[in-house]
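> make a model of this:
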Amino acid sequence: MNIAFFLIPKSHVAHLTEGSSFRQGMEKLRRHGYTAIPVVARDGRYLGSISEGDFLWNVMSMGSVDPYELEEARIDDIISDRTPPVRVTTSVEELLDRILDQNFVPVVDDRDVFVGIVTRRSVLAYLMNKGAEEACS
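Residues are numbered from 1 along each chain as shown. Have a look, this model is predicted:
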């Protein structure tokens, strides 16, 4: 099996583009109900992710939640590499090992271009369905 089976394509994934403001990032997280979100360069490369905690700690260090200041501040300085990507050619075993520690795993192609994510939910749903099918046989 290929990890592309679990892939949610970039076109269906909420993500931020480098240079986005803090306000834009926080609004996107809130609107979609996510706790972390991928960040993509203007040329499509995966740069990292930003979590609610990243926003919280940086807003606290700014000392203000003034909407103007949040619009002026950029996410580029708080992008984290705590959610490293896997290549689309990665084995399912390696994906399973990675998904244990993350809610989602970013997937990139051979040029490091972001192509989508694999969520823990999609992997668990597959495994549950497979287990139910085997139990019925």
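> for the longest helix seen in the chain, packing partners?
The longest helix of the chain (DSSP state H) is helix 120-136. In this structure, helix 120-136 packs against helix 92-99, with contacts taken as 3 or more C-beta pairs under 8 Å, 6 or more residues apart in numbering; DSSP states H and E. Placement of C-beta: from N, CA and C, glycine included.
> quick check: what element follows the helix it packs on along the chain?
For helix 92-99, the succeeding helix or strand toward the C-terminus, using DSSP states H and E, is strand 104-108.
> that next one pairs with which strands?
If you go by DSSP bridges, strand 104-108 pairs up with strand 86-87 (parallel), strand 114-119 (antiparallel).
> what does it rub up against?
Applying C-beta atoms under 8 Å, 6 or more residues apart in numbering, the external contacts of strand 104-108 come out as 3, 7, 36, 38, 45-46, 49, 83-88, 90, 95, 98-99, 114-120.
> angle of that strand against helix 92-99?
If you take axes from the mean of the first three to the mean of the last three C-alpha atoms, to 10 degrees, strand 104-108 sits at 130 degrees to helix 92-99.
> let me know the angle separating strand 104-108 from helix 120-136.
Using the same axes, to 10 degrees, strand 104-108 lies at 100 degrees relative to helix 120-136.
> contacts only, for Ile3.
By C-beta under 8 Å, 6+ apart, the neighbours of Ile3 are Val86, Val88, Thr90, Ser91, Val92, Leu95, Val107, Val118.
> for Val113, that is, sorry about that
Val113 makes contact with Asp43, Gly44, Arg45, Tyr46, according to C-beta under 8 Å, 6+ apart.
> how close does it get to Glu18?
14 Å (C-beta to C-beta, to the nearest Å).
> again, but for Ile37
In this view, Ile37 and Glu18 are 13 Å apart by C-beta to C-beta.
> comparing those two, which residue is more hemmed in?
Ile37 (24 against 16; other C-beta atoms under 10 Å).
> bridging residues for the spatially most central residue of the chain?
The C-alpha lying nearest the average C-alpha coordinate of the chain belongs to Pro38 (C-alpha atoms, centre = their mean; 3.7 Å). Per DSSP bridges, the residues bridged to Pro38 are Ser49.
> who touches the residue lying closest to His15 once chain neighbours are set aside in this structure?
Counting by C-beta to C-beta, 6 or more residues apart in numbering, Pro38 is the residue found nearest to His15 once chain neighbours are left out, at 4.5 Å. Counting by C-beta under 8 Å, 6+ apart, Pro38 makes contact with Val13, His15, Leu16, Tyr46, Gly48, Ser49, Thr83, Phe104, Pro106, Phe114, Ile117.
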